[in-house]
Structure formats: C-alpha cells, structure tokens
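Undergrad: Please work out how this folds:
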Amino acid sequence: MIGQLSACREVSVHPSLSGEVRKFGKFGEVCYSCGTCTLGCDLSTDAAPFPRRPVQFAVLGLKEPLLESLEPWLCQDCGDCSTKCPQKAEPKESMATLRRYLASQYDWTGLSARIYTSKGWAIGAPVFSGFLVVLLVAVYHLLYAGMPISELVTTTMGLEHMFGKITWFTLAVIFLPLAVLLSNAARMHRFTMGRGQAAGIPLSVYLSEAGSALRYAVTQDRRVNCKGRPYEQRRIKHWVLIAGMALMFVLIAFFLRFFQTDAIYPLYHPQRWLGYIATAFLVFGAVDILAGRIKKREKIHEHSEPSDYSLPVLILLTAVSGIAVHVLRYSGLGLAAHYAYLIHLSVAVPLMVVEVPFGKLSHMMYRPLAVFLQEVKDRAASLQVREEKREAA
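TA: Got it, this is the predicted structure:
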C-alpha cells in the first residue's frame, strides 16, 4: 500500500498526525489494518484503495501523502465498509473524520478547523454572524436613515429605501464566501495535484475530463455502485435539495431586483411560483436530513454533531423565515413582515458566510472536484501506459 508512493521519495513522518485527526471525530479505533473494508467497497480501485490507505496514512503520520489523497472524498458514505469490518472499527466514520480534517487543511483562514473541532465555534459562528446582521440593520436605520428608535420598532414602511443597499449587501454575502471557497479549492488542487507525476499532467487531460465534476454534482452517478443502502432514493433527495439551492442562488444572485420587491403579483406570476418551487425543495431536503439525524440512521460522533446539524437547520430556518415574510407581506401585515425579514436575513447570511466556505456546504465543491481530479489522474495514467506500450513495440 505505502509502496504506491513515488519511488525514492522522502516523506516526513508526523507522529502527532493521528491525534490531530481525532480532534475532528471518531477515527481508526481498534482498526487492525486487515483491508476487509477496502475489499468490500464497490468504489475502491487499485489507483484509489480506500478506506484502508488514507486511514493508514494518518495512523503512520504521513501527512503529505494524506493531503495528496483524494480518496476520502471518493467515498460515498454508504457504510458498507463498516458493515463488513470484523473489528467494528467503523471505517465509514474514519473517512468522514478525514474529510473534515482535509477540509480544514484546504482552508487558509483556519476557521474550518475551529468549527469542526469546537461545539462553541460550530454554534457560535452562525449565531455571531446573525447578530452582526441585526446590528448592521439597526445601524443602517438609526444612523444612516436617521430614524428614531420609537419609529423603527412601530412603523410600517416600504422597503424601497433599502433595496439599492441590500442588493450590494446580498451580492457581497454571496460572492465573497464563494471567493474564499474557490481559493480553498485551489489549495486542494495544489495539495493533491502539485507533486510527483500529478504535477506534470498536461492541460489537455484536464480539459478531456472537464465534465466529470459537473456530471457528478448533478447526478451523483458514483452512488449507483453502492449496494448497501437505497442509494437511488438518496440520489433523488440530493438532487431535489441541490436543485432548490441552485434555483434560489440564481434568483438572488442574478435576479434580485425581480425577486425582491414590494410589488404584489398574482399567483401565476413567475416571481411567485419560482420562489415556491425553490422553497419547497429546500424545506424537503432540510427536513429529510434532520429526520435522518434524529432517527439515528447514521451514527454521528460528538465532535461532528454540531457541524452536521447546523447546515440543515440553517437551510430550514432560511426557507421557513422566507415563507413567513411572503405570507405576512401578502396578508398586509407590513410591520410583522419587516421583523420576519430581519429574522430571515439573520439566518440566511450565516448560511452563506459560514456554511459555504467553512462548513458542511463546502463539501459540495470538494467532493465533485475530487471526482474530477481522480478522473484526471486515471486518464493520465492510462495515457502513460499506452505510450509506454507504444514505445516498447
């Protein structure tokens, strides 16, 4: 296994690595390294043998090979390996822990590590960012707009005066976290493709596999190989949630002036039914995830529990508060709609600024990117073998 590292390559050993990884969740308990998990995984290949290889990298203190590994992201979390493990070491949980650890390494800000390893940070980061939104709204109205407190808390008013400002605020809330996430994805590429043979892969190979990440993100096609659970249902539920998030992102990122308005539209207007569809998808996806957590269909280690709950809770609160704003506004309850809108902002903003670049939502970029990069590696290896055969002939 370890012999698959590049020949004659010097690799530093970090004795404390396994201890660092265990801060992110359950990892490697009572594992005897028998390899049953890898043999029983329908997705494991000779080029990417998991779960055993990345787990052993961490156990042996091989930090650089672990950072180079894409295998924790190729795991589809089906649990077949844990079912077949003779020692009940739960390699599925070890792979989830490694994903959290690797995500923290990609993140140059260090916030992911704090959120994944501390309940205080996992809960406090969204709460604090929501408090800042409330504070910003108060400062805007009291200082910029010059409203007295008594008028602010009791007066119904239109929102046109703030639509111009909220547009720029919304764009900043969307695209600044995305910029951080993209920079972390660039670090992921550097860690996984920046050394050894992977560093010399030509651009043409990347272009030939360019559709892999998008195809996987949309279809979750690798999950059809997992036999241990009803993955077709999981794929459909994943697609519904992603479709809702993608539709809502397009509406608020590119059509905010159309979507956020004081105008009252008839039921058949696209502004209403597009919002209804996106909201229904988000509520369905968030409730399904929370139901799975509550029923304990999947075991969650105490280190990961807050971070695993924060994403579906924030999605659900964002959708529900958005519904409340809509219902109150169309019911003519303007002041209540304003308070509901403040609550909506105070949960939607943490969803974007915390979960997208630093929390579980970041995995939605890392996993498809890993599938794409592994396809690039496999394609490059295939071309190299073909070239060697041609030269030998």
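Undergrad: tell me which element the closest residue to residue 259 other than its chain neighbours is part of?
TA: Nearest non-adjacent residue to residue 259, counting by Cβ to Cβ, 6 or more residues apart in numbering: residue 251, 4.6 Å away. From N, CA and C alone the C-beta is placed, and that goes for glycine too. Residue 251 is located in helix 231-254, with elements delineated by DSSP states H and E.
Undergrad: Mind listing what's buried along that helix?
TA: 231, 234-235, 237-245, 247-248, 251-252 (16 or more other Cβ atoms under 10 Å).
Undergrad: Kindly report the same for stretch 340-360.
TA: 340-341, 343-360.
Undergrad: same deal with stretch 192-199?
TA: Those would be 192-193, 198, for stretch 192-199 by 16+ other Cβ under 10 Å.
Undergrad: what's in contact with that stretch?
TA: Residues outside stretch 192-199 that contact it (Cβ atoms under 8 Å, 6 or more residues apart in numbering) are 6, 9, 64, 67-70, 201, 370, 373, 376-377, 380, 384.
Undergrad: How far away from the center of its chain is that stretch?
TA: Remark: stretch 192-199 is offset 24 Å from the chain centroid, using Cα atoms, centre = their mean, to the nearest Å.
Undergrad: Quick one: end-to-end length of that stretch, please.
TA: 9 Å (Cα to Cα, to the nearest Å).
Undergrad: Out of the contacts of stretch 192-199, which sit inside helices?
TA: Counting by DSSP state H, these place 64, 67-68, 370, 373, 376-377, 380, 384 in helices.
Undergrad: Counting neighbours, which of these comes out on top?
TA: Ranked by the number of neighbours (other Cβ atoms under 10 Å), the ones in helices among the contacts of stretch 192-199 place residue 370 first, at 25 neighbours.
Undergrad: Please report phi then psi for residue 255.
TA: With angles defined as degrees, to the nearest 10, residue 255 sits at phi -130, psi 40.
Undergrad: Please disregard the earlier target; I meant residue 70.
TA: For residue 70, the backbone dihedrals (degrees, to the nearest 10) come out as phi -100, psi -10.
Undergrad: In space, what's closest to it - neighbours in sequence excluded?
TA: Excluding the flanking residues, the one nearest residue 70 by Cβ to Cβ, 6+ apart is residue 370, at 4.4 Å.
Undergrad: Could you break the chain into its assigned domains?
TA: Per automatic domain parsing, the structural domains of the chain span 14-106, 111-376.
Undergrad: which ones are touching the nearest residue to residue 75 once chain neighbours are set aside?
TA: With sequence-adjacent residues excluded and distances taken as Cβ to Cβ, 6+ apart, residue 75 is closest to residue 95, at 4.5 Å. Going by Cβ under 8 Å, 6+ apart, residue 95 touches 50-51, 54-55, 72, 75, 77, 81.
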